[in-house]
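Undergrad: sequence and computational prediction follow.
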Amino acid sequence: MQTLLKILQRYSNFLVFIILEVAAVLLMYYNDAYPRSSFLSTANRLIAWQYDQVESVCSYFALKGINEELVAENAKLRNELVRYESLTEDSILSREVIYPENEVVYLPAKVVQMTTNEVHNYLTINRGLADDIRKGQGVRNEDGVVGIVRTVGQNYSVVLPIINTHTNLSCRFLKNDYIATLQWDGKDNRFAQLADVASHMVVNIGDTIITSGLSPVFPEGIPVGIVENCTLGTGDSYYTIRVRLYTNFKRLKYVEVIQNAHQTELDELENGLD
């Protein structure tokens, strides 16, 4: 108690000053409208800022659900587009809209594991036999081609992406339908190499490469990438072409599995040729 009294005695002048300052501010606040309105305005801005920060944090944690909803919506819209494109000309002219069963269906999935810096990269998605996923089905995202399903479990599947040296993809040039093969050299996951492009072809930087449609794995026209550079040495029969891939594998989170209703039949026919 004596110690407390000594402290109060030592700082008595300072305490009196603080009390008088507080009293002066309170008198000014209650007797003058302008300081009071300024104080309230500042307090309101502070409260609004706090609410804004809380809202930002809540929005961040809600992004996962929003992204999953957007992926599902994209797949739904893509399926509707397939149905629309499959309408017969007669049904459109007669105004009798008949939607046939989709030959191609897009099933949304989430990437749960992935490698991008290996020679034989892979990714795992949260879809499997329970979702009618089968080996050999194509996988894409909103930007373009991702890869091909390699192994399937009950609830998960492993996909070989196009940035895997074991994956070859049949492609074509958008400008003239010339067919080529996309391969990866195991170096940079942003680029792949386009093979089998003969020297008589005119290749320009910026040419768009799409899927060829010559396989039930990928429908024709899915974006693959653009020509980054091309060289043709003296006496060479084929170009050396580098393609910048549309799919950014470093940021890949959601994909769509391409389910072709006729894939099993086509695979059986092709296997019967062996």
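TA: Here it is on my side, so go on.
Undergrad: show me where the protein dips below the pLDDT cut-off.
TA: 1-2, 4-9, 11-12, 14-17, 20-102, 264-274 (pLDDT under 70).
Undergrad: show me where it has strands.
TA: 104-114, 123-125, 138-140, 145-152, 157-161, 169-173, 179-183, 191-195, 208-211, 223-231, 240-245, 254-260 (DSSP state E).
Undergrad: what's the angle between the last one and strand 157-161?
TA: Relative orientation of strand 254-260 and strand 157-161, computed by axes from the mean of the first three to the mean of the last three C-alpha atoms, to 10 degrees: 90 degrees.
Undergrad: other residues contacting strand 254-260?
TA: Outside strand 254-260, the residues within contact range by C-beta atoms under 8 Å, 6 or more residues apart in numbering are 67-68, 71, 74-75, 78, 103-111, 125, 127, 131-134, 137-141, 146, 149, 157, 159, 216-219, 266. Any C-beta I mention is one placed from the backbone N, CA and C, and that applies to glycine too.
Undergrad: ok, now the third one?
TA: Residues outside strand 138-140 that contact it (C-beta under 8 Å, 6+ apart): 106, 109, 125, 145-149, 159, 217-218, 222, 255-258, 260.
Undergrad: in its sheet, what does it sit against?
TA: strand 145-152 (antiparallel), strand 254-260 (antiparallel) (DSSP bridges).
Undergrad: I'd like those written out as JSON lines, with distance to Ile210 and mean neighbour count added.
TA: Below are those laid out as JSON lines (distance: least, C-beta to C-beta, whole Å; neighbours: other C-beta atoms under 10 Å):
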{"stretch": "strand 145-152", "distance to Ile210": "9", "mean neighbour count": "22"}
{"stretch": "strand 254-260", "distance to Ile210": "14", "mean neighbour count": "22"}
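Undergrad: so which of those strands is nearest Tyr246?
TA: Closest of the strands paired with strand 138-140 to Tyr246 is strand 145-152, at 7.8 Å (criterion: C-beta to C-beta).
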